[in-house]
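Chemist: got a structure for you, letters missing:
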C-alpha cells in the first residue's frame with residue numbers, strides 16, 4: 001500500500017503519453033470494460049520514438065482485442081510506465097501488449113475510483 005502512495009506524486013507529475021491519439025472503436029467492446037493499471041519496464045531510450053504515428057498503430061492493434069489505452073505516466077528516465085487501460089479482461093490486455101511487442105511487468109485491476 002505504501003508503494004502505491006509513493007508512486008502517486010510521480011504519476012501525477014509525468015507527461016501522459018496516450019492523450020493525443022484517441023483509441024479506435026472495436027467490435028469486441030460488447031464485453032463489459034474493466035479498468036487496469038499496467039506497469040512496464042523499457043530499456044533506456046525506448047520511449048524516445050513514441051510519436052503520434054506509433055501511438056495510432058498501438059491503438060489500432062489494441063482495438064482488435066477490445067483494449068482502450070486511456071493514459072500513461074512515465075518516470076523521469078522514461079524506463080518505467082504506469083498505464084491505465086480499459087479492456088474486457090486481463091488476458092485481452094496481455095494479448096494486445098504481445099501483439100504490439102511491448103512489455104508487461106504487472107497488471108492490476110483497479111475498479112475503484114478515489115477522488116480528493
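Modeler: Sure thing, it's come through. Keep in mind that this is a model prediction, so the values were computed, not measured.

Chemist: Pick out the residue closest to the middle of the chain.
Modeler: Computing the C-alpha centroid of the chain and ranking residues by C-alpha atoms, centre = their mean puts residue 83 first, at 3.1 Å.

Chemist: Let me know the helix or strand that it is in.
Modeler: When elements are assigned from DSSP states H and E, residue 83 belongs to strand 80-87.

Chemist: one step back: could you double-check that the residue nearest to the centre of the chain lies in contact with residue 42?
Modeler: No - applying C-beta atoms under 8 Å, one finds residue 83 not in contact with residue 42, separated by 11.5 Å. C-beta coordinates here come from the backbone N, C-alpha and C atoms, glycine included.

Chemist: Look up the residues forming beta bridges with the residue nearest to the centre of the chain.
Modeler: residue 38, residue 72 (DSSP bridges).

Chemist: Quick one: the strands in the chain, in order.
Modeler: For the chain, strands defined by DSSP state E occupy the ranges 34-41, 68-74, 80-87, 106-109.

Chemist: could I get those strands as a markdown table with mean pLDDT and distance to residue 52?
Modeler: Converted to a markdown table, these look like this (pLDDT from 0 to 100; distance: least, C-beta to C-beta, whole Å):
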| stretch | mean pLDDT | distance to residue 52 |
| --- | --- | --- |
| strand 34-41 | 98 | 20 |
| strand 68-74 | 97 | 13 |
| strand 80-87 | 98 | 17 |
| strand 106-109 | 98 | 26 |
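
Chemist: can those go into CSV with extra columns for distance to residue 50?
Modeler: Output for those, formatted as CSV (distance: least, C-beta to C-beta, whole Å):
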stretch, distance to residue 50
strand 34-41, 12
strand 68-74, 9
strand 80-87, 10
strand 106-109, 20
